[in-house]
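> Give me the fold of what follows.
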Amino acid sequence: MMRIDYYKVMSRAVEEGARYGLRRYYKHRDDAPSEPEFEAMAAAVSEAVMDELCGWFRFDGGDDDT
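From the prediction side, this is the model:
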């Protein structure tokens, strides 16, 4: 039986969404950050969103949960 790791799915969606949103924001701006700074910003946004989600949702982990 396969089980979905909802935390990983949610985390991946949040990370990709943060990068996509930041790239769209900076697309036509002259003040776009450097790539390392951009990655740090995307990581900070992703982490903050995941922290908020974890405050509202419980992600069960491991195969021991039934």
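
> contacts, neighbours, all on C-alpha from now
Noted.

> Assess the claim that Ala18 and Glu47 are in contact.
No - using Cα atoms under 8 Å as the test, Ala18 is too far from Glu47 to be in contact (9.9 Å).

> Which one's more surrounded, these two?
Neighbours were counted for Ala18 and for Glu47 using other Cα atoms under 10 Å; Ala18 has more, 21 against 16.

> Let's see the pLDDT reported for that one.
Among the per-residue scores, Ala18 shows a pLDDT of 96.

> Let me see the contact set for it.
Ala42, Ala43, Val45, Ser46 (Cα atoms under 8 Å, 6 or more residues apart in numbering).

> Point me to the helix or strand that includes it.
Using DSSP states H and E, Ala18 sits within helix 6-26.

> Could you list the buried residues of that helix?
Tyr7, Ser11, Val14, Glu15, Ala18, Arg19, Leu22 (16 or more other Cα atoms under 10 Å).

> Quick one: residues in contact with the helix or strand that comes right after it.
Next helix or strand after helix 6-26 toward the C-terminus (DSSP H and E): helix 35-56. Contacts to helix 35-56, defined as Cα under 8 Å, 6+ apart, come from residues Ser11, Val14, Glu15, Ala18, Arg19, Leu22.
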